[in-house]
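Colleague: quick one: sequence and predicted model below, then my questions.
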Amino acid sequence: MLAALIGSYALFVGSVLKGSLNNGMTRMQERMGADLMIVPESSEVKARNILLTGEPEFFYMDISVAQALHDIEGVECATSQFYFTSLSSDCCSTRVQLIAYDPDTDFVIDPWIDERITDEVEKGSVIIGSEVTPLPDGKVKFYGSEYPVAGKLGETATGLDHSVFMTRDTMHEILSDAKEKGYQFINPEDDGAFVSTVLIRVSENADITGIEKEIYGKAEGIKFIETDKLINDLSVKLGSVDRLINVTLTVLLVFSFVTMILFFSVIFHERKKEFAILRILGMSSSKICFSSLTEGLIIGAAGGAAGLLAGILTVFPFNRLIENSLDVPYLMSPLPVVILYGLLGVAVTVLFSSLASFLSTLSLSHAETYYTMRAGE
Amino acid sequence: MKYLCSEKLVKEYERRGKTFRAVDDVDIQINKGEFIIITGESGSGKTTLLNLLLGLTKPESGTVLFDGEDISTIDDKRLSEIRNEKIKYIPQGDSLLTSLTVRENILFPYVIGGKEEPPKERLIELAEKLGIKDLLDVYPSELSGGEMRRVTIARAVINKPAVIIADEPTGNLDRDNTSKVMEIFKDISGEGTAVVVVTHQRETLDYASKVLNMSHGRLAPENR
């Protein structure tokens, strides 16, 4: 039963991990929106942190970078964002990434907002990521002022789940409050002069390297993050994690199956005399096989259910810990899919267990009862 | 009326690279109500013969007929039905299922055969006759050797089979218990069941209506 438990546990946890990693990667690809991200040269790591881990960061560069994009062939559209942070003190709800976007040019956040929030986002209200919890009154507090939450976004498996989004007007209010409290990011009066990033979508078949070169010629002190490369890097990392899960899963499943075969072989060997008595009493060999198969099925189902329970107790309570330790986009698969993984785990274990018991009985059922009886004595 | 018979039955074994005949050209006829005792030295082929008669092992040649059916060639399902209902075997040593009570052990053939259990009175009457009435709800581990034997006999006779084949049923039993067991077999044969008993105990031969001797795989009438 322990072997069945291990098999079912490994299959369930492994499937949920693999499914959630793929789900996270897919959702991240869907949500990236831009092909290129321009950031200050020294802030590439910070920008990656915002996207991948949700670690709040603050950096900026001159808005002239955004203006340098005019007339560059292959740039389909561009928009800028400003990144700053709240604090983990009394003045703020919690320490999160604050992101100001420009609704007029935005092509990254807006479609995502539209998808989830049907009402107009009012001035002075904010939109929160899926992992941000508002105050009981439904507002969030930054630097002493409270802001109504216009809506909550769906999960993306990126750091953006830990972010709060607002327009530049709201950003101006927060920056002013922050300055009053003694936290100056930039002078609120100059907020129109700085951006943290410029997001670019390029035309189909455009030469990204050529575009980068051209922008480099017009702006200094910048760095490009190509989302394709970022996703490729993550895919490589994901591939390693995936391989590790596959190997572990295979080892555990083989161990589980071999242990089950050994278990049933030993048990049935010790029960040779019992089987011989059953034959003497008139039980046919097919009935004995069926009865052993049923035993295997019950043991597999019980072990499988226990393994599933252990898996549930691992996957759900430690979901956040798993997400943080894997360092790749991780988004729990939808509940029906998780249920399917659970049923699959139990079904495979039951199959393994039944097969192991059947194989172990097969040799006994074919042996003549006279010899089985003598061997069992 | 002939229930069970064999014709030119041969069973061979290999031992240290040499083939020897454990059962050599044996003909036997077992009739209704007959009480046959087979004697013979250890290794003379008695147990092998019983197993051949039950279809628990296949002969090299020859036939075993039960009620006109050749049980050495019929399929496993039919053979199992015959063992469940018609020919009951009491093997050497204990053959009770340790996880079942005495009552469950006695009634277990009905469970295997998927048949309706006999009336309660039949079980009580039989248990009383065999002196195990007070033991019906205990487990085999609590029984003495003689009690186990009697439970095994109860399991064999409960559905009034055509033939009972018992291999050393009184082995390891004291004189008193041996007599009890043989009396039971005699009573059963008196009710029409054919009984075949293999034994070393010569003092039991008087119970039989026919005594056969087995020597080097060959069966012959005992000279008495």
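Modeller: Arrived safely. Residues are numbered from 1 along each chain as shown, chains lettered A, B, ... in the order given.
Colleague: contacts only, for A:M61.
Modeller: By Cβ atoms under 8 Å, 6 or more residues apart in numbering or on different chains, the contact list for A:M61 reads A:V39, A:P40, A:F194, A:V195, A:S196, A:G221, A:I222. Glycine gets a C-beta too; all of them are placed from N, C-alpha and C.
Colleague: contacting residues for the nearest residue to the fifth one once chain neighbours are set aside?
Modeller: If I follow you right, that is A:S196. Nearest residue to A:S196, sequence neighbours excluded (Cβ to Cβ, 6 or more residues apart in numbering or on different chains): A:Y83, at 4.0 Å. Counting by Cβ under 8 Å, 6+ apart, A:Y83 touches A:I50, A:E57, A:F58, A:F59, A:Y60, A:Q97, A:L98, A:I99, A:S196, A:T197.
Colleague: mind running it again at 7 Å?
Modeller: Taking Cβ atoms under 7 Å, 6 or more residues apart in numbering or on different chains as the criterion, A:Y83 is in contact with A:I50, A:E57, A:F58, A:F59, A:Q97, A:I99, A:S196.
Colleague: now these: which count as buried?
Modeller: A:I50, A:E57, A:F58, A:F59, A:Q97, A:I99, A:S196 (16 or more other Cβ atoms under 10 Å in any protein chain shown).
Colleague: and the second one, helix, strand or coil?
Modeller: Put plainly, it is A:E57. coil (DSSP: H, G, I helix; E, B strand; the rest coil).
Colleague: B:E203 versus that one, what's the distance?
Modeller: Computed as Cβ to Cβ, to the nearest Å, the A:E57 to B:E203 distance reads 102 Å.
Colleague: likewise the last one?
Modeller: As judged by Cβ to Cβ, A:S196 and B:E203 stand 109 Å apart.
Colleague: swap in the third one?
Modeller: Distance of A:F58 to B:E203, computed by Cβ to Cβ: 107 Å.
Colleague: quick check: closest non-adjacent residue to A:G300.
Modeller: A:S353 (2.7 Å).
Colleague: what about A:L309, how many residues nearby?
Modeller: Other residues near A:L309 number 15, with proximity taken as other Cβ atoms under 10 Å in any protein chain shown.
Colleague: what helices or strands is the helix or strand where it lies leaning on?
Modeller: Assessed by DSSP states H and E, A:L309 sits inside helix A:285-315. Helices and strands touching helix A:285-315, by 3 or more Cβ pairs under 7 Å, 6 or more residues apart in numbering or on different chains; DSSP states H and E, are helix A:2-32, helix A:335-366.
Colleague: deepest of the ones you listed, which one?
Modeller: helix A:2-32 (a mean of 22; mean count of other Cβ atoms under 10 Å in any protein chain shown).
Colleague: the inter-axis angle of that helix versus helix A:285-315?
Modeller: 50 degrees (axes from the mean of the first three to the mean of the last three Cα atoms, to 10 degrees).
Colleague: just the angle between helix A:2-32 and helix A:335-366, please?
Modeller: Going by the same axes, to 10 degrees, helix A:2-32 makes 150 degrees with helix A:335-366.
Colleague: tell me the helix or strand right after helix A:2-32.
Modeller: Next along the chain from helix A:2-32, counting by DSSP H and E, comes strand A:36-40.
Colleague: starting at the chain centroid, how far to that following strand?
Modeller: Offset of strand A:36-40 from its chain centre (Cα atoms, centre = their mean, to the nearest Å): 25 Å.
Colleague: alright, that wraps it up for me.
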